[in-house]
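>>> with the input below, show me the fold.
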Amino acid sequence: MPANPTLTRSNAPRPKVGIVHLGPGAFFRAFNAPFTAEAMAQSGGDWGILTVSLRSPDIRDKLKPQGCAYTSVTLAPDGAKYAVVEVIDDILVAPENPRAVLDRMSDPAVKIVSLTVTEKGYCYNPATGGLLLDHPDIAHDLAHPDAPKSAIGYIVQALNLRRLAGTAPFTVMPCDNLPNNGPLTRAVVLDFAHAFDPDLADWIAMHCRFPATMVDRITPATTQADIDALAAAQGYVDNACVMHEPFRQWVIADDFVNGDRPDWGAVGAQLVSDVEPFELMKLRCLNGTHSTLAYLGYLAGYETISETVADTAFAQFINGLWANEIIPTLPQPEGEDLPRYAANLLTRYQNPAIRHRTWQIAMDGSQKLPQRLLGTVADNLTAGRDIAGLALAVAGWMRYVGGVDENGAPIDVKDPLAAQLRAAYDSAEKPDGKVAALLAMRDVFTADLAENPIFRAAVTVAFTQISTTGARAAVTGMI
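Numbers count the residues shown, from 1 in each chain. As a prediction, the model looks like this:
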């Protein structure tokens, strides 16, 4: 029996490139790209996407043989649904030819540069929001502007080339889970530009736009089993396919250079004047509990989020966390019902077709914790509210970064501060000493929070309980 052929792109005309996207990972292919393809199908426009990998050729090597087409697979409880996406025009690997990337970004036809580069890709200090000027990639890019390594270096140099050529700037649209991601991106871009050329910084501040966004779609990592299942169902092999849940939500501040953007609103995006209430809702309700379930669920022996919340103790714990410690900190987004939003989140978590691994969500926790959990803690402390559940989540992270699970097996901790975290953890024998050492890490915890006696005591109690009885017993004790 012959092997299945590889997916090939159709002969349909390609739209001209209007967007350069940095970070062509699974989330971009499951979210931004389908939204844009559907917007063009609905309302037209030249919004083809040139994607840029800032590090690895892996995704390029999967997409290019397929003409940059790929399959978007919706994992619904009643079965998978398939759609081939053909909005990507090409993919470049930045280290192979930095100049080619800068040339495309400085093309006047490009109106938007969007990003999904994860929190660490912004090279910023989560505690202050400022650019880390001593970050190795940033220091390199300031010294070698024509061969950048970082997303920020590429954006600033491309804007510089456009200014020198008399071309209007593009809109910079971050799509990562960061609080106030538009203003934050503007701040780090301007920090870099000021260090490079103050006149350029003034030009960017005056003419460029940085709309904030809130993005939401659970996108598990694609496995070989997923690729095989697609081949069996559709009759072709697609090594670049992406898996995702049915739900999606995109809230965008409608602030673009010259108003140039695809008609995303025609296909369900919410174009608003203020993204922040939606962003905070999602960051704390979804991302905060996702991280909580990742650390505590992993320690309890669960591989996925759906398996974790199938345990009624974890489901009850998360419901209590939403009701008592998260929702009370949130401003009311227009048109949203916050308790219903939380209830819908639990339903999404319970979708057995989504195998979102706890280990995957646990990655880069030192970058995620300040946004996803610590801001909520601080607001509750200020208001005099309980933080016991959030303290257990933080303690779960601390136990996880210790690098050894409850059965004595090693944990593969993927985090830019993994070595420092493990050293802090190992620097003390007793739970209170381990907690104190980790709280002293200023890249994660502000001094005000780390030295707050209520927070310190609550995390120490929670960490001691996890270390003594295990994560599941600690969770059960909270309900």
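>>> residues contacting E279?
Counting by Cβ atoms under 8 Å, 6 or more residues apart in numbering, E279 touches 179-181, 212-214, 251. Every residue, glycine included, has its C-beta placed from N, CA and C.
>>> so L75, which of the three states?
What DSSP: H, G, I helix; E, B strand; the rest coil gives for L75 is strand.
>>> before we move on, what about the one 5 residues further on?
Secondary structure, three-state DSSP: A80 is strand.
>>> who touches it in this structure?
If you count contacts by Cβ under 8 Å, 6+ apart, then A80 has 73-74, 229, 233, 353 around it.
>>> of the contacts of E279, which is the most crowded?
N181 (27 neighbours; other Cβ atoms under 10 Å).
>>> beta partners of the nearest residue to that residue once chain neighbours are set aside?
Excluding the flanking residues, the one nearest N181 by Cβ to Cβ, 6 or more residues apart in numbering is P174, at 4.2 Å. Beta-bridge pairing of P174 under DSSP bridges involves L115.
>>> looks to me like V189 is in a helix.
Yes: counting by three-state DSSP, V189 is part of a helix.
>>> convert the stretch of helix or strand K282 belongs to to CSV, retaining C-alpha atoms only.
In this structure, K282 is located in helix 276-282 according to DSSP states H and E. Extracted C-alpha coordinates of helix 276-282, given in CSV (Å, rounded to 0.1, in the frame of the first residue of the first chain):
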residue,chain,number,x,y,z
GLU,A,276,-6.6,45.9,29.7
PRO,A,277,-9.7,44.6,31.5
PHE,A,278,-10.0,41.7,29.1
GLU,A,279,-6.3,41.0,29.3
LEU,A,280,-6.3,41.0,33.1
MET,A,281,-9.3,38.7,33.1
LYS,A,282,-7.6,36.2,30.9
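>>> what is the mean pLDDT for that helix?
In this model, helix 276-282 has a mean pLDDT of 90.
>>> ok, then the element right after that helix?
helix 288-299.
>>> which strands or helices does that following helix pack on?
Helices and strands touching helix 288-299, by 3 or more Cβ pairs under 8 Å, 6 or more residues apart in numbering; DSSP states H and E, are helix 305-310, helix 312-321, helix 358-361, helix 365-369, helix 388-401, helix 471-476.
>>> now what about that helix, what contacts it?
Residues external to helix 288-299 that are found in contact with it (Cβ under 8 Å, 6+ apart): 305, 307-309, 314, 318, 321-322, 326, 345, 349, 358-362, 365, 368-369, 372-373, 376, 389, 392-393, 396-397, 399-400, 405-406, 411, 466, 470-472, 474-475.
>>> try 6 Å this time
Applying Cβ atoms under 6 Å, 6 or more residues apart in numbering, the contact partners of helix 288-299 are 305, 308, 318, 358, 361-362, 368, 372-373, 393, 396-397, 400, 406, 471, 475.
>>> so how far is R186 from S114?
S114 is 14 Å from R186, where distance means Cβ to Cβ, to the nearest Å.
>>> Q332 - that's part of a helix, no?
No: going by three-state DSSP, the assignment for Q332 is coil, not a helix.
>>> just the helices in the stretch 151-300 of the chain please.
151-165, 181-196, 198-207, 224-234, 276-282, 288-299 (DSSP state H, counting those that start in this stretch).
>>> with distance to E429 added, can I get those in CSV?
As requested, the helices of the stretch 151-300 of the chain are exported to CSV (distance: least, Cβ to Cβ, whole Å):
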stretch, distance to E429
helix 151-165, 41
helix 181-196, 39
helix 198-207, 49
helix 224-234, 42
helix 276-282, 39
helix 288-299, 20
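>>> ok, back up a step: tell me which of the contacts of helix 288-299 is nearest to G153?
Of all the contacts of helix 288-299, K368 has the smallest distance to G153: 23.1 Å, by Cβ to Cβ.
>>> any idea of the pLDDT on that closest one?
For K368, the model assigns a pLDDT of 92.
>>> dump the residue contacts of it.
By Cβ under 6 Å, 6+ apart, the contact list for K368 reads S291.
>>> which residues touch L200?
Contact partners of L200, counting by Cβ under 6 Å, 6+ apart, are 160, 193.
>>> would you mind measuring from the closest residue to D364 other than its chain neighbours to Y295?
Spatial nearest neighbour of D364, excluding adjacent residues (Cβ to Cβ, 6+ apart): D415 at 5.5 Å. Distance, D415 to Y295, by Cβ to Cβ: 12 Å.
>>> look at the two and report which has more neighbours.
Y295 (26 against 20).
>>> Q249 touches R217, doesn't it?
No: using Cβ atoms under 6 Å, Q249 is not in contact with R217; the gap is 7.5 Å.
>>> out of these two, which sits in the busier spot?
R217 (19 against 16).
>>> contacting residues for that one?
Counting by Cβ under 6 Å, 6+ apart, R217 touches 30-31, 244, 248.
>>> could you export the residues you listed to TSV, including columns for neighbour count, pLDDT and distance to I204?
Output for these, formatted as TSV (neighbours: other Cβ atoms under 10 Å; pLDDT from 0 to 100; distance: Cβ to Cβ, whole Å):
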residue	neighbour count	pLDDT	distance to I204
A30	26	98	31
F31	22	98	27
H244	22	94	34
R248	19	94	31
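>>> ok, of the residues you listed, which one's closest to L164?
So of the contacts of R217, ranked by how close each gets to L164 (Cβ to Cβ), first place is F31, at 33.8 Å.
>>> which non-adjacent residue is nearest that closest one?
Nearest to F31 is R217, by Cβ to Cβ, 6+ apart, at 4.9 Å.
>>> pLDDT at the residue nearest to D364, what is it?
Here, the pLDDT recorded for D415 equals 96.
>>> contact partners for it?
Applying Cβ under 6 Å, 6+ apart to D415 gives the contacts 364-366.
>>> among those, which one has the most neighbours?
G365 (25 neighbours).
>>> who touches stretch 179-188?
122, 124, 129, 131, 152, 172, 174, 178, 210-212, 371.
>>> closest to D260 out of those residues?
Using Cβ to Cβ, P211 is the member of these that lies nearest D260, at 11.7 Å.
>>> distance of the nearest residue to the closest one once chain neighbours are set aside relative to Y425?
In this structure, P211 finds its nearest non-sequential neighbour in A253, 4.1 Å apart by Cβ to Cβ, 6+ apart. Applying Cβ to Cβ, the value for A253 to Y425 is 40 Å.
>>> and if you look at A391?
If you go by Cβ to Cβ, the gap between A391 and Y425 works out to 17 Å.
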